[in-house]
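A.B. asks: Mind looking at a prediction? Sequence and model below.
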Amino acid sequence: MKVAVLASLFSAGLLFAQVAAAGSFPADVPALGYSPANMDRTADPRKDFYRYAAGNWLRKTDIPATDPDVGGFSLLAHNLNGQLLGLVRAAAAAPDDRRDRIQQQVGDFYRAAMDTERLDALGIEPLKADLTAIGRVEGAAALGVLVAQLQSGFGASPLINATVGTDEKQSDTNVLKLFPGIRALNQDEYAKPEGQVVRDLYLDYIASMFRTLGDSPEQAQANARTVLAIETELAAAELTVVARSDPGANYHKLTFAEAQALIPAIDLGRYLGTLGVTPPDTLLVPDPAGLRAVQKVVAERPVDELRTLLRWHVLSARASALGQPWYGLDQTFSLKRQGLASARPREQEVTDMIGQTLFHPLSQLYVKAFFPESTRRDIVRMVGHIKDEFALRLRRNRWLDDATRKAALEKLARLDVAVGYPEQWIDFGSVDIRPDDHFGNVRRVDQFLQTRSLARLGQAVVPERFDAPGETTPIAVNAGYQPQRNNVDITAAIVQPPFYVPGADAAVNYCTIGAVIGHELTHGFDSQGRQFGPTGDLHDWWTPRATQRFERRTEVLVRQYSGFEILPGLMHNGRQTLGENTADLGGITLAHAALRRHLGNNPLPKIDGLTSDQRCFVAWSQMWAYKARSERLRLLVSLDVHAISSVRAVAPLMHLDAFHKAFGTRRGDPMWRAPEDRVTIW
């Protein structure tokens, strides 16, 4: 169980849910990407377009034992991990005198992490100093120091965390942001009846860890109940996924004294000072209720219970960096929680870890080996076509008034799209990576990133690109829009099959990678992104009339997506997924329109018996072909802001007149959506 990296509540609007990298899929898993072989031509596209477009792939594909799901993104992630593993192995095997600094860091990280014999011999030793410090903590001042040490040494703490980021209302200014702590489970798993299975697994896991640490079985069980009770209390008070989706409602700028008054049980001055930060006059607190809940726990719980929570955080945060039995306990819980039968090989886990820690060094090796400039040029050209199409549609948009239209065109003109990798890489050269100190390597990278982030306080904003580990780095299978920067990053890793094939049929490339581009452009104008103006500042630049018309259209999507049943009794949350659903609709709409303009007066002939429009929509649906275990589906429905991929494969198409014309849908067909119920937003 790896502790999540702390991030801003309102960071990049990402195209895809985060996908864990893995090794190569078994050879019998059919490839994805547009192919007539993946279609089921026996299905009627007017009745079940998803089966028509991807039915053969769905019929032939089983979820591998090591994975919670299978689809285009996980297939590409597996292929990517094979590429990365080759680079990592080469760096580890190269003679010292033939490696540059990047190869040394990547290679030595791998060597240290793969030395399981040494890790097993060390046991709990790397954590002893932290556990001893926790056993001595008492009082607000001491707690402030300890929480800072936990954040610095483990990436985050379970009580409070500080980051430095862009002020949403002043996009040229860095500001300190204070968040509640992090936990292993999501809100629904702590609270809802269907989360009981996971809670039971979690209790057993916690108790097993405490028993292994030396607690008696009775004490370990009591400690597990204490941890779960505290975490449940804290989770209940924090912002829900839906509440976090409104940046304006969560902008709270407080004086330092006001922030301290929210949580007097922790000395914020000592906390920030230990992090090396001078307490600022003002700071942002996106979730005041979450901090009040932390205050209540710290003030009212016995100190022994707080120590138990902190001990648990230290154990769980670094179990994956320890030897046996700690690593095995962590892995077993993760597998059971996901319903998996077996684990990935360690070398694949380690490669994934390097991608999360030394993300830019590994990305530099990847780009050099696997991302040709010709691909970058092709995608940049397509970005221009789709951006031009968006501008044309803004000018012709019937529901926008002139004032909002003018501002929207200005925002689109300023929106910058970068493809593949950043012009300026983050320099990890100062991080000491050793071939015989895995635990220390992980800790030193965390400290480097924390220090680098906090040092920005009081400095002018210097925009960085492709800098969110696991999300928008060049080796992430993803793309993302950042509203405060008003820019889009399209990663090198996603610009390959099944999302892009150099020189392939334009109808396919436009309606796969082109739709990715259109999706990200639309994020600047979805229910969240539209609240940020052309320069990235959070402010209301829409007229009331335009806002009312926009919200009337998005409510159609809320109702539509809330009607999808994912598992018996498990309904989608159309409000939670609204931003991504708006972007999906915008993405395929823009891509298809840009395709038609690209073809102009020279339409492509039928290929595989399909017209250009038909191939476009089949390619879109095949891109989202997907199978998942029930555990995975429940998790995604509870916390993901994206619709389930099988829903994304069809739901946006039902609003496009061109789709209904291409496949001849008629009133009464399951795929039919009456014209008055279709919505065009952008």
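C.D. replies: On my side now, so go ahead.
A.B. asks: Near the closest residue to residue 186 other than its chain neighbours, how many other residues are there?
C.D. replies: Among residues not flanking residue 186 along the chain, residue 639 sits closest, at 4.6 Å (C-beta to C-beta, 6 or more residues apart in numbering). (Glycine included, C-beta is placed from N, CA and C.) For residue 639, the neighbour count with other C-beta atoms under 10 Å is 16.
A.B. asks: these two touch, right, residue 639 and residue 242?
C.D. replies: No: checked against C-beta atoms under 8 Å, the pair residue 639 and residue 242 is beyond contact range at 10.8 Å.
A.B. asks: how far away is the residue nearest to residue 186 from residue 576?
C.D. replies: Residue 639 sits 9 Å away from residue 576, taking C-beta to C-beta, to the nearest Å as the criterion.
A.B. asks: List the contacts of stretch 455-472.
C.D. replies: 5, 7, 11-12, 14, 18, 164, 166, 171-176, 276-278, 280, 355-357, 359-360, 363, 418, 421-424, 426, 473-474, 476, 478-480, 485, 487, 489, 491 (C-beta atoms under 8 Å, 6 or more residues apart in numbering).
A.B. asks: coming back round to it: so what sits against both of residue 639 and residue 576?
C.D. replies: residue 241.
A.B. asks: wouldn't residue 494 be in contact with residue 480 here?
C.D. replies: No: using C-beta under 8 Å as the test, residue 494 is too far from residue 480 to be in contact (10.4 Å).
A.B. asks: Just list what whichever strand or helix holds residue 551 packs against, helices and strands only.
C.D. replies: Take DSSP states H and E as the rule and residue 551 turns out to sit in helix 544-562. In terms of contacts (3 or more C-beta pairs under 8 Å, 6 or more residues apart in numbering; DSSP states H and E), helix 544-562 is packed against helix 578-599.
A.B. asks: how far is the helix it packs on from where the chain is centred?
C.D. replies: 22 Å (C-alpha atoms, centre = their mean, to the nearest Å).
A.B. asks: now do stretch 254-264
C.D. replies: The answer for stretch 254-264 is 31 Å, by C-alpha atoms, centre = their mean.
A.B. asks: Now it: buried residues?
C.D. replies: For stretch 254-264, burial by neighbour count (16 or more other C-beta atoms under 10 Å) applies to 254, 256, 259, 260, 262, 263.
A.B. asks: Could you report the pLDDT at residue 22?
C.D. replies: pLDDT, residue 22: 40.
A.B. asks: still on that earlier bit, what's the first helix or strand after the helix holding residue 551?
C.D. replies: Heading C-terminal from helix 544-562 (DSSP H and E), you reach strand 565-567.
A.B. asks: Who are the packing partners of that next one?
C.D. replies: Using 3+ C-beta pairs under 8 Å, 6+ apart: strand 565-567 touches helix 630-639.
A.B. asks: Following element in sequence after the helix it packs on, please.
C.D. replies: Toward the C-terminus from helix 630-639 - assigned by DSSP H and E - lies helix 645-648.
A.B. asks: got the contact list for that next one?
C.D. replies: Helix 645-648 has contacts (C-beta under 8 Å, 6+ apart) with 50, 71-73, 561, 564, 566, 572, 584, 624-626, 642.
A.B. asks: From these, pick the one nearest residue 234.
C.D. replies: Of all these, residue 234 sits closest to residue 642, with 25.7 Å by C-beta to C-beta.
A.B. asks: number of nearby residues for that closest one?
C.D. replies: Look at residue 642: counted by other C-beta under 10 Å, it has 19 neighbours.
A.B. asks: Relative to residue 91, how far out is the nearest residue to it once chain neighbours are set aside?
C.D. replies: Excluding its sequence neighbours, the residue lying closest to residue 642 (C-beta to C-beta, 6+ apart) is residue 580, at 4.5 Å. Applying C-beta to C-beta, the value for residue 580 to residue 91 is 36 Å.
A.B. asks: who has more neighbours, those two?
C.D. replies: Using other C-beta under 10 Å, the more surrounded residue of residue 580 and residue 91 is residue 580, with 27 against 24.
A.B. asks: Is there a neighbour count for residue 432? I'd like the number.
C.D. replies: 12.
A.B. asks: Distance-wise, check it relative to residue 261.
C.D. replies: With C-beta to C-beta as the criterion, residue 432 and residue 261 are 40 Å apart.
A.B. asks: Same check on residue 538?
C.D. replies: Residue 538 is 25 Å from residue 261, by C-beta to C-beta.
A.B. asks: next one: residue 676
C.D. replies: According to C-beta to C-beta, residue 676 and residue 261 sit 53 Å apart.
A.B. asks: cool, residue 422 as well?
C.D. replies: From residue 422 to residue 261 the distance is 40 Å (C-beta to C-beta).
A.B. asks: So which residue of this structure lies furthest out from the middle?
C.D. replies: In terms of distance from the mean C-alpha position of the chain, residue 601 ranks first, at 40.6 Å (C-alpha atoms, centre = their mean).
A.B. asks: Would you mind giving the secondary structure of that residue?
C.D. replies: Following DSSP: H, G, I helix; E, B strand; the rest coil, we place residue 601 in the coil state.
A.B. asks: quick one, the longest helix anywhere in the chain and helix 578-599 angle?
C.D. replies: What stands out as the longest helix in the chain, according to DSSP state H, is helix 373-396. Put simply, helix 373-396 runs at 100 degrees to helix 578-599, going by axes from the mean of the first three to the mean of the last three C-alpha atoms, to 10 degrees.
A.B. asks: Could I get the full set of strands for the stretch 1-150 of the chain?
C.D. replies: Ranges of strands within the stretch 1-150 of the chain are 13-14, 69-71, based on DSSP state E, counting those that start in this stretch.
A.B. asks: Surely residue 241 touches residue 575?
C.D. replies: No: between residue 241 and residue 575 there is no contact under C-beta under 8 Å: 9.4 Å.
A.B. asks: Mutual contacts of the two, please.
C.D. replies: With C-beta under 8 Å, 6+ apart, residue 241 and residue 575 have no common neighbours.
A.B. asks: nearest spatial neighbour of residue 278, skipping sequence neighbours?
C.D. replies: Per C-beta to C-beta, 6+ apart, closest to residue 278 is residue 272, 7.3 Å.
A.B. asks: what are the phi and psi angles of the one you found?
C.D. replies: Here is the backbone geometry of residue 272 (degrees, to the nearest 10): phi -70, psi -40.
A.B. asks: again, but for residue 398
C.D. replies: Torsion angles, degrees, to the nearest 10, at residue 398: phi -80, psi -20.
A.B. asks: what do you get for residue 170?
C.D. replies: With angles defined as degrees, to the nearest 10, residue 170 sits at phi -140, psi 90.
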